[in-house]
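[1] Just to be clear, the model below is a prediction. Sequence and coordinates:
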Amino acid sequence: WRYWPGTADPGATWNQSNFNDNAWLHGRGGIGYADNDDRTVISPVLSVFLRKKFTISNADKIVRAILHADYDDGFIAYLNGVEIARASMGTQTTLPFNQGSDGLHEALLYQGLQPDAFVLSETRVKQLLVNGENT
């Protein structure tokens, strides 16, 4: 994963596929504050921005996708620059980098539980996934 600890604004286009994240840090997921569920430990900050690139050779064969999110305390997820899921982050479209969540949610995997699942419909998958690199 590429990640940007939320000590400053990463820029308005950080979630776009063509954003240059070469200056960002990288580490294994989960990324967090050393509370027994993190592979990459960072200093506490109010937000962390994450990016992951993946390659699809034939997007036409994918008819549905599921995002499993294990998080504290809220998140907004994007696929190729388009929001696909959110939890505990209100309804405001654009949030400042230092915006906290509006609820509390503990990560689940380290407790032996399944993370939350967000299903993308066939329509959304066809709209958003591309052959080649996706973010």
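    Ah, there it is. For clarity, every value in this text was computed on a predicted model and none was experimentally measured. Numbers count the residues shown, from 1 in each chain.

[2] center of this structure - which residue?
    Ranked by distance to the mean C-alpha position of the chain (C-alpha atoms, centre = their mean), the top residue is Ala77 at 4.4 Å.

[3] And that one, which helix or strand is it part of?
    In the assignment (DSSP states H and E), Ala77 maps to strand 75-79.

[4] quick one: that strand to chain centroid distance?
    5 Å (C-alpha atoms, centre = their mean, to the nearest Å).

[5] Just want the angle from the next helix-or-strand element following it to strand 75-79.
    The C-terminal neighbour of strand 75-79 among helices and strands, as given by DSSP H and E, is strand 82-87. Here strand 82-87 runs at an angle of 160 degrees relative to strand 75-79 (axes from the mean of the first three to the mean of the last three C-alpha atoms, to 10 degrees).

[6] Next SSE downstream of strand 82-87?
    Scanning onward from strand 82-87 (DSSP H and E), the first element met is strand 116-120.

[7] What helices and strands are in contact with that following strand?
    Helices and strands touching strand 116-120, as assessed by 3 or more C-beta pairs under 8 Å, 6 or more residues apart in numbering; DSSP states H and E, comprise strand 65-69, strand 82-87. All C-beta atoms are positioned from the backbone trio N, CA, C, and that covers glycine.

[8] change it to 6 Å
    Counting contacts by 3 or more C-beta pairs under 6 Å, 6 or more residues apart in numbering; DSSP states H and E, strand 116-120 is packed against strand 65-69.

[9] What mean pLDDT does the strand it packs on get?
    Strand 65-69 shows an average pLDDT of 97 in the prediction.

[10] Now do it and strand 75-79, the angle between them.
    In terms of direction (the same axes, to 10 degrees), strand 65-69 departs from strand 75-79 by 150 degrees.

[11] give the contact list for Asn98.
    For Asn98, the contacting residues are Leu46, taking C-beta atoms under 6 Å, 6 or more residues apart in numbering as the criterion.
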